[in-house]
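predicted model and sequence below, questions to follow.
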Amino acid sequence: MRARFLPHPLLTVLVTLVFVFLMNEVTPGVVVLGLVLGLAIPLLTAPFWPGRPQLKAPLVIAEFMLIVMWDIVVSNIEVAKLILFRRGESLRSRFIRVPLDLRTPEAIAMLAGTITMTPGTVSADLSADGKALLVHCLDTGDPEATAASIKARYERRLKRIFE
Amino acid sequence: MPVFVEALVAGLILIGAFFLFVGALGLVRLPDLMRRLHGPTKATTLGIGALLIASMIYFASVHETFSIHELLITLFLFLTAPVSANMMAKAHILRAQGERGRLPPTGTSAGWATFDSGKREKG
C-alpha cells in the first residue's frame, strides 16, 4: 500500500516544500495544494525513478553542504585571480581522470554537479561503465593530487551519505 | 533602513557585480571552449549568491518580510548549471577535431560514455 501511494516519500516532502517556498506564504490552502502536488507528482513520475537512494548519515549532509559552500567562495576568488592576472595560454589546463568508488547513480550525479560548481574544475564525461569521471581542470600542476583531493573531500562524504 | 544595513546591501551588490563581471571577462579572454566554460559556469556562482543575499537582507529590512525565493533561485541554479556545463563539454569533446585523442584513458575496459554506448556482447 505504502509503495503504491507513496512511491518516493522524500520527493513528496521536497515537492511540497518547494511549492510552499514558491508561494512564499504558509497558509492551510497553500500547504494542502502543495501536498496534493507532492502526492501526485511522484505517482505520475514513478516510472522515471528506478532507484530510490536511501539517505544515511543526515549530519554528514549538513557537513558536506557547508564544505561545498566554503569551497565555492574560496575557489571563486582563485578563478577570478586566474582570469584577471594570467594570460589564457599560460594556464595549465587539462583533462584528468578521477576513478570512482561510488556506485549509486544519484551519488555520482551529486559528485559531478559538485565538481562543476566548485570553480577550477568542470566534470565533462563519465566512463561507459560508470567507474571513472572525466574532469577538466582550468589550472593544475599535478593531476594526481587534484583527483586525490576531489576523492578525499567530496567522494568520501557522499559515500557515507548514500552507501 | 539603518545606515549599516544599507552599506551591507551596497557592499554585497558590488561584490556580486564584480564576480559576474569577471565571469563574463573570462568568457572573452580565455582561449578555448573548455577553458571558457569555467568563467560563466562558476565565477558567477559567488556573484549570484552575493546579489541574492543582498536581496534577502534588503527585503527583510524594508518590508520586514522574510523572502525565501532567493533560496529557491540558488537551488535551481545549482541544479541546472552543472547539467548545461556537462552537455556543452560533451558536445565539445564529441565534435572538436582531435579532442578525443587528447583525453586521458578511462583506466577500465569501457570507453568514455560520449564515444562508448556501453552496450557489449555478453560472453
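Received the coordinates, thanks. Residues are numbered from 1 along each chain as shown, chains lettered A, B, ... in the order given.

how close does residue A:109 sit to chain B?
Distance, residue A:109 to chain B, using C-beta to the nearest C-beta, to the nearest Å: 9 Å. In short, each C-beta sits where N, CA and C put it, glycine included.

how many other residues sit next to that residue?
16 (other C-beta atoms under 10 Å in any protein chain shown).

pretty sure it sits in a helix.
Yes: membership of residue A:109 in a helix is supported by DSSP: H, G, I helix; E, B strand; the rest coil.

give me the pLDDT for it.
Predicted confidence (pLDDT) at residue A:109: the value is 86.

now do stretch A:47-61: distance to the chain's middle.
12 Å (C-alpha atoms, centre = their mean, to the nearest Å).

now residue B:103. Nearest residue, chain neighbours left out?
residue A:95 (5.5 Å; C-beta to C-beta, 6 or more residues apart in numbering or on different chains).

thought the one you found was touching residue A:136?
Yes: counting by C-beta atoms under 8 Å, residue A:95 does reach residue A:136; the two are 5.4 Å apart.

more neighbours, the two?
Set residue A:95 next to residue A:136 and count neighbours by other C-beta under 10 Å: residue A:136 wins out with 26 against 20.

is chain B contacted by the helix or strand where that one lies?
Counting by DSSP states H and E, the element that carries residue A:136 is strand A:132-137. Yes: Strand A:132-137 is in contact with chain B by C-beta under 8 Å from any C-beta of the partner chain, via A:132, A:134, A:136.

got the CA positions of the helix or strand bottoming out on mean pLDDT in chain B in PDB?
Within chain B, confidence by mean pLDDT, DSSP states H and E is lowest for helix B:99-102 among all helices and strands, at a mean of 74. The C-alpha trace of helix B:99-102 is given here as PDB (Å, rounded to 0.1, in the frame of the first residue of the first chain):
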ATOM      1  CA  GLU B  99      40.000  16.300 -28.800                       C
ATOM      2  CA  ARG B 100      39.200  12.600 -28.500                       C
ATOM      3  CA  GLY B 101      42.800  11.700 -28.800                       C
ATOM      4  CA  ARG B 102      43.900  14.100 -26.000                       C
END
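
packing partners for it?
Judged by 3 or more C-beta pairs under 8 Å, 6 or more residues apart in numbering or on different chains; DSSP states H and E, helix B:99-102 is in contact with helix B:69-95.

and chain A, what are its domain boundaries?
Here the domain parsing of chain A from automatic domain parsing is A:2-48, A:58-162.

could you report the separation of the residue nearest to residue B:33 when sequence neighbours are not counted from residue B:113?
Ranked by C-beta to C-beta, 6+ apart and with sequence neighbours excluded, the top spatial neighbour of residue B:33 is residue B:92, at 5.1 Å. According to C-beta to C-beta, to the nearest Å, residue B:92 and residue B:113 sit 14 Å apart.

which helix in chain A runs the most residues?
Criterion DSSP state H: the longest helix present in chain A is helix A:58-85.

what about the helix or strand following that helix, distance to the chain center?
Note on helix A:58-85: by DSSP H and E, the next helix or strand toward the C-terminus is strand A:94-99. A distance of 18 Å separates the centroid of the chain from that of strand A:94-99, by C-alpha atoms, centre = their mean.

give the partner strands of strand A:94-99 in its sheet and their orientations.
strand A:132-137 (antiparallel) (DSSP bridges).

returning to what we had before: with pLDDT added, can I get the residues of strand A:132-137 next to chain B in CSV?
Formatted as CSV, these follow (pLDDT from 0 to 100):
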residue, pLDDT
A:132, 85
A:134, 87
A:136, 87
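
which secondary structure element contains the nearest residue to residue B:86 once chain neighbours are set aside?
Once flanking residues are discounted, residue B:86 sits nearest to residue A:123: 6.2 Å by C-beta to C-beta, 6+ apart. In the assignment (DSSP H and E), residue A:123 maps to strand A:121-126.

what's the offset of stretch A:62-72 from the middle of its chain?
Distance, centroid of stretch A:62-72 to centroid of chain: 11 Å (C-alpha atoms, centre = their mean).

got the buried residues for it?
Counting neighbours by 16 or more other C-beta atoms under 10 Å in any protein chain shown, one finds that the buried residues in stretch A:62-72 are A:64, A:68, A:71, A:72.

any idea which of those is the one closest to chain B?
residue A:72 (5.4 Å; C-beta to the nearest C-beta).

following the worst-scoring helix or strand of chain A on mean pLDDT, which helix or strand shows up next?
Least confident helix or strand of chain A, by mean pLDDT, DSSP H and E, is helix A:2-5 with a mean of 62. Using DSSP H and E, the helix or strand that follows helix A:2-5 in sequence is helix A:9-23.
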